[in-house]
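# Here you go, sequence then predicted model.
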Amino acid sequence: MKYPTILSALLAATSTVSAALIGSGAIPECASEEVAYETYTGKDHNVKVSYSHCDDAPTVAVNGKLQSSHEKRQSNNVCGAPCNTYCWSPAGGPAASDCNVIADALLYESQKTGVLFNVSATGTPTAKITMQYQTCLTYFLNQDFSTLVYCRTEWSKLVNWLASDCDASHNAQGGLCVATDQRWYVQ
């Protein structure tokens, strides 16, 4: 069964957050995703976390459109970096309460192992980190040629924000947040 997707990354709680835009349809799914390993996290160990790679993952531009390439950037710590959000129509999507479980699991893991985490460079076996709980699925995808550092606290805030602003009451079914420098996105 395919679960609805929700945006997730860092924009939600920063002052550099742009307004969410309503789009038409999600970014195409990876047809050849290879999972390197899976585990569970959260206070009740009920949120599935997958580390994976996709040879045909779409590269997403700052305007939310697909693009064919991206250039190498310098700093690898993107915690707190701005991103642009896009919500997909028509209405539908995951239950906000399911997304709240993921957001809480991110905060739990932040207290347990630390705020920052690494996401391997594009093309490596673990360039994508996916979290799923029932109807809610979110992932961080590294589109850069180097390992990026992000923070669980910001991802948690973004999951909560998108669950409330890109939901059925806003004629949306989730969306994504694309870094303004296009190095990563959260869906």
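Happy to help now that I have it. Values in this document were obtained by computation on a predicted structure and should not be read as measured data.

# Quick check: what element follows the longest helix along the chain along the chain?
Within the chain, and with DSSP state H defining each element, the longest helix by residue count is helix 96-113. As assigned by DSSP states H and E, the chain's next helix or strand after helix 96-113 is strand 116-119.

# Quickly run through the sheet partners of that following strand, with directions.
strand 148-151 (antiparallel) (DSSP bridges).

# What is the following helix or strand past the partner strand packed up against?
Proceeding N to C from strand 148-151, the next assigned helix or strand is helix 152-165, under DSSP H and E. Packing contacts for helix 152-165, counted by 3 or more C-beta pairs under 8 Å, 6 or more residues apart in numbering; DSSP states H and E, involve strand 83-89, helix 96-113, strand 136-142, strand 175-179. (C-beta placed from N, C-alpha, C; glycine too.)

# Using PDB, write out every CA atom in the longest one.
Read that as helix 96-113. C-alpha atoms of helix 96-113 as PDB (Å, rounded to 0.1, in the frame of the first residue of the first chain):
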ATOM      1  CA  ALA A  96      -1.700  15.100  11.300                       C
ATOM      2  CA  SER A  97      -1.600  12.800  14.400                       C
ATOM      3  CA  ASP A  98       0.500  10.300  12.600                       C
ATOM      4  CA  CYS A  99       2.900  13.100  11.500                       C
ATOM      5  CA  ASN A 100       3.100  14.300  15.100                       C
ATOM      6  CA  VAL A 101       4.400  10.800  16.100                       C
ATOM      7  CA  ILE A 102       7.300  11.300  13.700                       C
ATOM      8  CA  ALA A 103       8.000  14.800  14.900                       C
ATOM      9  CA  ASP A 104       8.100  13.500  18.500                       C
ATOM     10  CA  ALA A 105      10.400  10.700  17.500                       C
ATOM     11  CA  LEU A 106      12.800  13.200  15.900                       C
ATOM     12  CA  LEU A 107      12.800  15.200  19.200                       C
ATOM     13  CA  TYR A 108      13.300  11.900  21.200                       C
ATOM     14  CA  GLU A 109      16.200  10.900  19.000                       C
ATOM     15  CA  SER A 110      17.700  14.400  19.300                       C
ATOM     16  CA  GLN A 111      17.700  14.100  23.100                       C
ATOM     17  CA  LYS A 112      19.000  10.500  22.900                       C
ATOM     18  CA  THR A 113      21.800  10.800  20.300                       C
END
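
# what's it in contact with?
By C-beta atoms under 8 Å, 6 or more residues apart in numbering, the residues outside helix 96-113 that reach it are 6, 8, 41-43, 46-47, 131-136, 138, 151-153, 155-157, 159-160, 162-164, 167.
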